[in-house]
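1. have a look at this fold, sequence not included:
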């Protein structure tokens, strides 16, 4: 990861597309990765809300039936997994790129993990005009029946060589089998492209100012306001869908969106640290038109050898309602997890709050995050020395 630029970008890239394909994708790989690289479907918000929010309901049901999650906790988790992950993408881009995503639900794509949660967000997937072929790296013919000018929006898989009726809408998916599937924002060989309009807002003087699709505004407060305005419009239908899953109020669910937006920098030991990134997120959290009422805490800590982002959620995901209160078997843990459990033991019958939970004291949250960050760095250094 590159150091901060003069424009206060934590992570540099020549264009918004390059930034999203590089840094936002890396954010998901390192922060939400599970080690499984199998192909996964991309869906739209419309897909998620179809059939009376069927995707949300199926995920909620699995959490309750298979995992023993309480209905209210499951509703909170689904909120953090769907609209919350969109908020994470907007917050991370605002903080690390000093840019506001002007989300358009017709272009926004969500990648689904096999367990039902969103593990990656593509905020700039756009509808394109396709000629005789489209490609991911090399040319992938869609089908002889495809006419020049047929609309091909991003979405699920299009097998190589399949026939596409003239004028029909064909979804494009992430690259799964080499040469067989098309990726969001894949290269187009022939035919005109659709101008999607502004997709990113930046302040004057930003390196992306003047690029196609970039809206230049007066200052970073306006960038944050526009980003939150677009985020709110995009995810409000998802939040309303989650509200039907259990007896959980809007304020509680919107707290999960605020936490997703406001805390995307936590627990990432390699991320450059700049107080300007925190200021951008704090500006967004207080932006006019935001529907959340609870906001997370976020600051930069300078006490150790390396500065770190520390924070605490404004809400609570209710995970403590679903955890086993039996004693932890320390021998079953890896060394880092065992050290953490020994440093922060949970007594019999005590609730197992998350390390960023609003129900913990702020200092307790920060101590836990610092301990994990330092342990993670020590583990990496020791592994590198051994190699």
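-> Thanks, I have the structure now. Since we're looking at a predicted model, the values are computed, not measured.
2. hey, let's count contacts and neighbours off CA atoms from now on
-> Will do.
3. in the helix or strand harbouring residue 284, which residues are buried?
-> With secondary structure defined by DSSP states H and E, residue 284 is part of helix 275-285. Neighbour counts over helix 275-285 (16 or more other C-alpha atoms under 10 Å) mark 276-285 as buried.
4. could you do stretch 228-235 as well?
-> 228-232, 234-235.
5. other residues contacting it?
-> With contact meaning C-alpha atoms under 8 Å, 6 or more residues apart in numbering, stretch 228-235 is reached by 83, 86-87, 90, 101-105, 284-285, 287, 289-291.
6. one step back: mind checking how far the helix holding residue 284 is from the chain centre?
-> 17 Å (C-alpha atoms, centre = their mean, to the nearest Å).
7. report pLDDT for residue 35.
-> pLDDT recorded at residue 35 is 58.
8. repeat for residue 344
-> pLDDT, read off for residue 344, is 87.
9. give the burial count for it, as a bare number.
-> Neighbour count for residue 344, taken as other C-alpha atoms under 10 Å: 13.
10. now do the one 5 residues further on
-> If you count neighbours by other C-alpha under 10 Å, residue 349 ends up with 10.
11. distance of residue 229 from residue 104?
-> 11 Å (C-alpha to C-alpha, to the nearest Å).
12. before we move on, which element is residue 317 in?
-> Using DSSP H and E, residue 317 sits in no helix or strand.
13. so which strand or helix has the closest residue to it other than its chain neighbours?
-> Nearest residue to residue 317 in three dimensions, chain neighbours excluded: residue 76, at 5.6 Å (C-alpha to C-alpha, 6 or more residues apart in numbering). Here residue 76 is covered by helix 71-81, with elements defined by DSSP H and E.
14. hang on, the earlier thing: take the contacts of stretch 228-235 and keep only those in strands.
-> Among the contacts of stretch 228-235, the members falling in strands (DSSP state E) are residue 101.
15. list buried residues within the contacts of stretch 228-235.
-> Here, 16+ other C-alpha under 10 Å leaves 83, 86-87, 90, 101-105, 284-285, 287, 290-291 buried among the contacts of stretch 228-235.
16. inside helices: which ones of those?
-> Applying DSSP state H to the buried ones among the contacts of stretch 228-235, the entries found in helices are 83, 86-87, 90, 284-285.
17. can I get the residues you listed in TSV with pLDDT?
-> As requested, those are exported to TSV (pLDDT from 0 to 100):
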residue	pLDDT
83	98
86	98
87	98
90	98
284	98
285	98
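18. out of the residues you listed, which is nearest to residue 16?
-> For those, the residue nearest residue 16 by C-alpha to C-alpha is residue 90; the value is 12.8 Å.
19. now the closest one: how far from residue 320?
-> Distance from residue 90 to residue 320, by C-alpha to C-alpha: 28 Å.
20. neighbouring contacts of the helix holding residue 76?
-> So helix 71-81 is contacted by 56, 59-60, 63-64, 117-118, 238-239, 242-243, 245-248, 253, 256-257, 260, 317-319, 321-322 (C-alpha under 8 Å, 6+ apart).
21. tabulate the buried residues of helix 275-285 (a markdown table), appending distance to residue 331.
-> Formatted as a markdown table, the buried residues of helix 275-285 follow (distance: C-alpha to C-alpha, whole Å):
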| residue | distance to residue 331 |
| --- | --- |
| 276 | 42 |
| 277 | 40 |
| 278 | 39 |
| 279 | 42 |
| 280 | 43 |
| 281 | 40 |
| 282 | 41 |
| 283 | 45 |
| 284 | 44 |
| 285 | 42 |
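22. ok, those residues vs residue 212, which is closest?
-> residue 280 (23.4 Å).
23. wait, residue 285 touches residue 257, no?
-> No - when contacts are counted by C-alpha atoms under 8 Å, residue 285 is not listed as touching residue 257 (10.2 Å).
24. filter the contacts of helix 71-81 to the buried ones?
-> Using 16+ other C-alpha under 10 Å, the buried members of these are 56, 59-60, 63-64, 117-118, 238-239, 242-243, 245, 248, 253, 256-257, 260, 317-319.
25. could you list which of these belong to strands?
-> residue 118.
26. helices of the stretch 201-350 of the chain, residue ranges please.
-> For the stretch 201-350 of the chain, the helices defined by DSSP state H, counting those that start in this stretch cover 220-243, 250-262, 275-285, 335-343.
27. so which elements touch the shortest one?
-> Yep, that's helix 335-343 we're talking about. For helix 335-343, the elements it packs on are helix 362-386, judged by 3 or more C-alpha pairs under 8 Å, 6 or more residues apart in numbering; DSSP states H and E.
28. which positions within the helix it packs on qualify as buried?
-> 362, 365-366, 368-370, 372-376.
29. low pLDDT regions in the stretch 51-200 of the chain?
-> The model of the stretch 51-200 of the chain has pLDDT under 70 over residues 126-196.
30. dump the residue contacts of residue 99.
-> 93, 200-203, 223-224.
31. now for the buried residues of helix 275-285, which pair is the farthest apart?
-> The span of the buried residues of helix 275-285, defined through C-alpha to C-alpha, is set by 276 and 285 at 14.3 Å.
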